[in-house]
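Visitor: build me a structure from this.
(2 chains)
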Amino acid sequence: MRKIWTIAWKELYTTYTDRNLVLIMIATPLLVASIIALAFGGQGGVSIQNIPVAVVNLDEGSGGQNFGAIFVSAFVPPAAGAALAGQDAPACPDAPASGTAAGSGLFELTDAVELDDADAARAAVDAGVYAAAVIIPPDFSRKIGYGPGDPVEPVSVEVYGSSGREVAAGIIRSVVESISSQIAAGHIAIAAALETVGQEYGMLRLLSLANSPEFAASAACAFTPAYNTLTVTQQTVAGQRVDSRAALLVVVGSSQAMFFMLFTGQGGVFSVFEERRQGTLQRLIVSPTPRLVILVGKMVGTFVSCVLQLVFLFAALTLVGSLISGQLTLIWGDQVLAIALVIGAAALAATGLGTLLAGAARTPEQGQIFASVINLGLAVLGGAFGFVLPESVSRFSMIWWGSDAFRRLSLGQADIIPHLLVLLAHGVILFGIGFWLFNRRLDI
Amino acid sequence: MQTMVEVRGLAKTFRRADGTAVQAVKGIDLDIFKGEVFSLLGPNGAGKTTTISMISGLLTPTVGDATIGGHSITRQPTQAKRLLGVVPQEIALYPTLTARQNLEFFGRMYGLSGKALATSVDEVLEFIDLRDRQKDRVETFSGGMKRRVNIGVGLLHKPQLVYMDEPTVGVDPQSRRRILDTVMRLKEERGMTVLYTTHLMEEAQELSNRVGIIDHGQIIAMGTVGDLIQKVGEEDRLFLKVGDQAVSDEVLRRIQERVPGVTRAVYDPPGAEGEDRSNTSGVIIVSAKRGRRALPQLIQIAMEAGIEIQSVEVREPDLEAVFLHLTGRALRD
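Guide: This is a model prediction of the structure:
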C-alpha cells in the first residue's frame, strides 16, 4: 500500500509542479466557462420565473378522456388555455386548492402558451421565442390506458429545449418528468385496483363499468397534479432568483470541467509511455515492486489528479460566480456529499477511459489519436461545445452524465443516482478492460 | 566459490509484427560468483541486454531460468530483485525531481523508509559526490552528474549484486574514469558482485575478474581475460625498430631457431607498408608465445649481428583479438 501511495504522490507532484500542465488543466476551462458566462449570461440578475414555454397537445384522446390535457392545464393558466376539440381535461371538483398547478407556483415559474403545431413550436424554440416546447404525442391517452388487459406500451412526451437556455429548458424537463411520474403512478394504482376488484365482481361487469365516461372522468383525476403532492418539486425552484451568468457558469463550467478532465485522466495513464521512453518504468519493474502495484499507483495518482482538478475548478468557478453575483454564491448547490460523490465517480470514469486507451494503444502517438477522437466525440455528444443534442444521444457521453448531475445538484435536485451509477459503471468497466490490456503490454 | 547468479538454459524469442519469430537469446548457461566483476562482452545486438533483462526480471524468459542468491527470478521475483541493484544504460531518472527526491522515490520502491531511507540516501549522495547538489532538479545536471545519480539509485538498498549496462556510453573521459573507479570501489570496499555489460574490451579487460563473450545470442567463450587469450592461442608480437640498418635472412632464421616460443620473425624494411604503418624505419616483427621472456635473447642476437635496436614494443593479444579470432568480426562491427 505504501508503494502505491509513493507512486501516486510522485504522479501528483510531477503533474501539479508542471506549470504548463496546470494551465491547461485548470486555467483553460476556467477561462472558457467564465468568458462564456460573462458574454452570454445577460446583464445583472434575472429571475428564472416566467420561462417561456410552448405546450402542444396532439393527444387524440381515448375513451372520451384526453390525458395530454393534464400537461396543458399544468402549464397554461385556465384563461389562456385553448379549448380542446371536443375533449376536456379531467374535471376534478374536490381538488384541494393548494394542490393545483397554480397553487404550486408553476404558473409563476412559466409563461406558457398552447400551440397546435409541433413543428412551429420547435421552430419558435430554435428562434429563441420559447425556452422549451412540450409536445404530447397523438396516441398519448391510448397508450396509457389503465384497464385490465390493456396492452402496456411505452409513450414519450417530447421536451424540445433551447440550446442557449439550458437551465430553463432543464427546469421544464424536470416539470414534465414529474407530471409523467404522477401519471405513471396513477396508472399503476388504478390498474392494480381494477385487477383486484375484477377478480371479485367479474371482469366483464367491471370492464363495462370502467369504460363508462363517469368512471373514466373520476379515475382520471388521480393523474392530475391537483391530487398529487409531487408537484412540490417545482416549488423548490419557483421564484428563486439566480444570476443567469452564474447559472451559465454551472452549465458551461461543468461540461468544460468534464471535458478537460478526460485529458487529465488520459495524460496520467499515458505517462506510462513517457516513463517507458525515459527508462524509469523499467527501473520500477526491476525493483521488488509487483507490476500490479505500479499500475494501481499510477491509476490512483491519475484519479486523485482528476479529483483535484474538478475541486480546484469548481472552487474557482464558485469564486467567479460570487464575483459576478456580488455575494458568496454556492453555484454548485449545497449538497456537498452528493457533489463529492459525483466528482469521485466522474474522476473514476475519466481514469478508466484513460486506462482503456493506454491499454489499447500500441504507441503513445496512437494513443493520442485515439484520445483526441474519443474526447471530441464525447464533447460533441455531451454538450461541451455549446450545442445540445437530443438527450437520448447525449446519454452516450460520460460528459453529459457528469455535467447533468452537477446541473441538477446546482438546482437543488437530488435525483442523481442513475448518473452516479452510470459514471461508476464507466469507471469500473473501462478500467477493468484497460487494466487487462495494459498488463499484457508491460513485458517490455 | 559461492555462486551469486546461476543461469540455466535461458532463451528468449520475440515475435515480429509480421508473425515471424526472432530468437534473441539461445539457451545461455552462466555462473557469476560472489564478489567478482563479471563482464558480458559482445557487439551491439549480440543479446547482452536481452540476457540481462531476463536476469533482472524485466523480460520473462521464453525458456530457462535464472537465480539470484538462490531465488528464482521467475518464481520468486520479489526476493530475487531485493538482492539486485540496476544501473541502466540510459539515464532512468525523473528530470523534474531533485537528486534527493529521485533517490528517495526509488529507495521507497526497494522498501526503504524513515531513518533507514534518509541514511541510505545521504550515504549514496556522499558516494557519488553530489551532496551539495542534492536539492537541484536532475534536469539541471550535466551528463556526468546525471550518470552518477543514475548509478546511485542502483546502490541505495545496498544490493549484493549490481548490474551495470554499458554505463560509460556517451560520457566524457573524466566521467568515464570516475565510473570505472566507482565499479572497482563497489567490489573492493563493499564486496559487491558486479555484472557489467560493455562492448568496450578495454573496460572489460580493466575491470573484470571474468568475462563472458556473447554473440548471436550465445555465450561463445567465458573465463578470465588470460584464460580466454590462452584458449584461442593468440601470441604476443614484438616490434624491434632498427632504423635504416639492413637485416639479413640469416638473423631472422637465428631468431626463429634459437629463441624459445618464437614462431615467426619477419623484417619490414624502411618505406614498406608495414603492420605498424611506420615506414620511416626498418622493423623486425617477431611473433612469440611469451614475448617479454624472449626479449633479452632477441636483443642479444641483434647485437651479435651488429644491429642496433632503437626501440622495442610488445603488443599483447587482447579481447578484441580474441573476439576477432572467435567470430571473424571486430567487436565494434
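
Visitor: for residue A:169, list the residues it contacts.
Guide: A:131-132, A:159, A:161-162, A:388 (Cβ atoms under 8 Å, 6 or more residues apart in numbering or on different chains). C-betas here are computed from N, CA, C, even on glycine.

Visitor: between these, which has the most around it?
Guide: residue A:132 (28 neighbours; other Cβ atoms under 10 Å in any protein chain shown).

Visitor: quick one: is the host helix or strand of residue A:303 near chain B?
Guide: Using DSSP states H and E, residue A:303 maps to helix A:291-325. No - Helix A:291-325 stays clear of chain B (Cβ under 8 Å from any Cβ of the partner chain), getting no nearer than 8.9 Å.

Visitor: could you identify the helix or strand that succeeds that helix?
Guide: Beyond helix A:291-325 toward the C-terminal end (DSSP H and E), the next one is helix A:336-360.

Visitor: give the buried residues for that following helix.
Guide: A:338-339, A:341-359 (16 or more other Cβ atoms under 10 Å in any protein chain shown).

Visitor: leaving out the residues flanking it, which one is nearest to the closest residue to chain A within the stretch 1-150 of chain B?
Guide: Closest approach between the stretch 1-150 of chain B and chain A, counting by Cβ to the nearest Cβ: residue B:92, at 3.3 Å. Of all residues not flanking residue B:92 in the chain, residue A:279 sits nearest, at 3.3 Å (Cβ to Cβ, 6 or more residues apart in numbering or on different chains).

Visitor: for the one you found, give me its contacts.
Guide: Applying Cβ under 8 Å, 6+ apart, we find residue A:279 in contact with B:88, B:90-92.

Visitor: surely residue A:55 touches residue A:134?
Guide: Yes - applying Cβ atoms under 8 Å as the test, residue A:55 and residue A:134 come out as touching, 4.8 Å apart.

Visitor: now do the shared contacts for those two.
Guide: Joint contacts of residue A:55 and residue A:134 (Cβ under 8 Å, 6+ apart) are A:71, A:75.

Visitor: show me chain A divided up by domain.
Guide: Following the assignment in automatic domain parsing, chain A carries domains at A:2-44+A:244-441, A:51-233.

Visitor: could you measure from the one residue in the stretch 151-300 of chain A that gets nearest to chain B over to residue B:51?
Guide: Nearest residue of the stretch 151-300 of chain A to chain B: residue A:279, at 3.3 Å (Cβ to the nearest Cβ). Taking Cβ to Cβ, to the nearest Å as the measure, residue A:279 falls 18 Å from residue B:51.

Visitor: so what's the residue count around residue 313?
Guide: Just going to use chain A. By other Cβ under 10 Å, neighbour count at residue A:313 equals 24.

Visitor: ah, no, chain B please
Guide: Neighbour number of residue B:313 under other Cβ under 10 Å is 13.

Visitor: and it, helix, strand or coil?
Guide: strand (DSSP: H, G, I helix; E, B strand; the rest coil).

Visitor: separation between it and chain A?
Guide: Plainly put, residue B:313 is 43 Å away from chain A if you go by Cβ to the nearest Cβ, to the nearest Å.

Visitor: then residue B:284?
Guide: As judged by Cβ to the nearest Cβ, residue B:284 and chain A stand 53 Å apart.

Visitor: let me see the contact set for that residue.
Guide: B:239-240, B:242, B:247, B:251-252, B:255, B:265-268, B:298, B:302.

Visitor: residue B:285 contacts residue B:269, correct?
Guide: No - counting by Cβ under 8 Å, residue B:285 stays clear of residue B:269, with 11.7 Å between them.

Visitor: who's more crowded, the two?
Guide: Legend: neighbour count by other Cβ under 10 Å for residue B:285 and residue B:269, higher for residue B:285 (19 against 15).

Visitor: mind listing what that one touches?
Guide: B:237-240, B:264-268, B:274-275.

Visitor: number of nearby residues for residue B:34?
Guide: With other Cβ under 10 Å as criterion, residue B:34 counts 15.
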